[in-house]
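whatever this is, show me its structure:
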Amino acid sequence: MIILKGGTVVTGDGKTVLGKGNVIVTEDVIADVTERYDESIEAYAEEVVDCDGKCVMPGMINHHQHGVTFGPMFASGAENYGCNFIMGHLDRSLLQGHTTVLNVDGFVTMDEVKETQAVHPIRIKTATTHAPVNYRAGEICDGKGFLPKHKEMVAERMIADGAVCIGEVGGGHTLGGGGQDYLYIPRAVKEMKGRDIDYLQARAMKLSVLGRYIEESFYNKDTVAQTLKDNNLDSFLTPEETKDIVYKTTLASVKVALDGYREAAAIASRLQVPLMMHNAPTSRDIVHEIVKMKIPNTIACHSNYLFTMEECVENGKFLKSLYPEIILDAAVHDPFGAKKLVATPDNLYAFYKNDLIDLISTDFAAGSSDSMLEAIQHAALEEKIVPFAKAIAQGTTNVTKALPLLAPNLGELKKGFYADIVVSDYPAIKNVNRVYIGGKLVAKGGRVIR
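The predicted structure follows:
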């Protein structure tokens, strides 16, 4: 028996916060959550943890993450970043208070999920996009991570073997998003010119050629020339070369990737499983089309991303008007730490203020995403733009409802539920002290315990 004693307990139900609460764990489940208990039972406990000045809450369920298995990455089917990166990325996620992650690199196979799960304590589940049109989009963009087993796999088999949803259909790599900025455009410039550019320069190239909505008709030679000059690229790139690079790395896969939404929606509808869609300016219209189909448990991913603040709020409200049951996910990305992919939390805060968040996740942010707890700390406990209990539920209980197969009997501190628990500082909840998965201590003091 483990007793987490005298902390601020947030149960995850969206409303309950106990100022001086206690969580009692027996084996792998929660035995009780209470404000009082008979202290004589402490004599029988293996561990009594004084949580005064701490917060005790369910482990965060991060339902949108890339690079967490030994399989191909992204909608582009890219090669993964290697074992050291994957293990470090999982460690980082666990130490951020995420006890369950959903891999949304949809071409991974179940053997790769199981292989990764065998060497790391975090709970790992997967989504699937194993279908012909989505394969084709990946191959056009990259596809270097595809092996015969990936191409032979089908979504129906993946669902039967334990995949929890269809997704992430579309993606920044096949639809002109962040993947082009930090990976494909810099790689192409290096190959053509032998020069290194950063993600901001790559993004400027992309936007000058195709605009934010990735439109072939957007190109204007003079605009591109000025952008090259403004970003110190004009000494080694011409507008025509820039156009060729951006068309090759970005535009080629977009049309096929958009067709992949219809393919994925048909599969999700037929199999009656949740559907996760990349939601950004490039995919806005196709997302609207799919939402009108009213497929249960459809999730519009990172709906606060790449749009302007006004656009993301307007689009979120419009999606709710099309289908009130649409599930809007808000991604944290990296506005508090690295600030490489997203410089400010303005869009995230706008989603909180307009009560548009159903779920919260981190997404990838080139491997530098901030934690869900850091976003909740800023929004709920510092800016006070969302109730604390509600914000925790958006990363726990709400996720279990949206994706029923992802984390059954998890997401809430409740008698009989599995004991996936995070103990953090309070109110600085981003500072995680302890993490338990199934009642087992798997992280303490910033170190993963294996």
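
pretty sure G67 contacts G82?
No - if you go by Cβ atoms under 8 Å, G67 and G82 don't touch, sitting 9.9 Å apart. In short, each C-beta sits where N, CA and C put it, glycine included.

the more surrounded of these two?
G67 (22 against 11; other Cβ atoms under 10 Å).

for D181, see how far away that one is.
Distance of G67 to D181, computed by Cβ to Cβ, to the nearest Å: 16 Å.

ok, now L413?
Between L413 and D181 the distance is 40 Å, computed by Cβ to Cβ.

give me the phi and psi for D28.
Phi and psi for D28, reported as degrees, to the nearest 10, are phi -110, psi 10.

helices of the stretch 151-300 of the chain, start to end?
155-160, 178-179, 185-193, 199-210, 221-230, 239-246, 254-271, 284-291 (DSSP state H, counting those that start in this stretch).

please identify the most buried of the ones you listed.
For the helices of the stretch 151-300 of the chain, the largest average neighbour count (mean count of other Cβ atoms under 10 Å) is found in helix 178-179, namely a mean of 26.

which residues does it contact?
F74, S76, G171, G172, H173, Y199, L341, A365, A366 (Cβ atoms under 8 Å, 6 or more residues apart in numbering).

between those, which sits nearest K151?
Among those, S76 lies closest to K151 (Cβ to Cβ), at 14.3 Å.

which element, helix or strand, includes that closest one?
Secondary structure assignment for S76, by DSSP states H and E: no helix or strand.

break the chain down into its structural domains.
Per the record, the chain has its domains at 2-58+410-448, 60-175+255-370, 178-251, by automatic domain parsing.

which one of those lies nearest to A391?
Closest approach to A391 among the domains of the chain is made by domain 60-175+255-370 (7.6 Å; Cβ to Cβ).

now do the same end-to-end measure for the closest one.
13 Å (Cα to Cα, to the nearest Å).

what do you get for stretch 426-442?
One end of stretch 426-442 to the other measures 20 Å (Cα to Cα).

how far does that stretch sit from the chain's center?
Taking Cα atoms, centre = their mean, to the nearest Å, one finds the center of stretch 426-442 at 20 Å from the center of the full chain.

which parts of that stretch are buried?
Within stretch 426-442, the residues that qualify as buried by neighbour count (16 or more other Cβ atoms under 10 Å) are 426, 429-439, 441-442.

for V254, list the residues it contacts.
Contacts of V254 by Cβ under 8 Å, 6+ apart are T174, L175, G176, I214, T282.

could I get those as a markdown table with neighbour count and pLDDT?
Listed next are those as a markdown table, based on neighbours: other Cβ atoms under 10 Å; pLDDT from 0 to 100:
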| residue | neighbour count | pLDDT |
| --- | --- | --- |
| T174 | 32 | 92 |
| L175 | 28 | 91 |
| G176 | 30 | 84 |
| I214 | 24 | 90 |
| T282 | 26 | 92 |
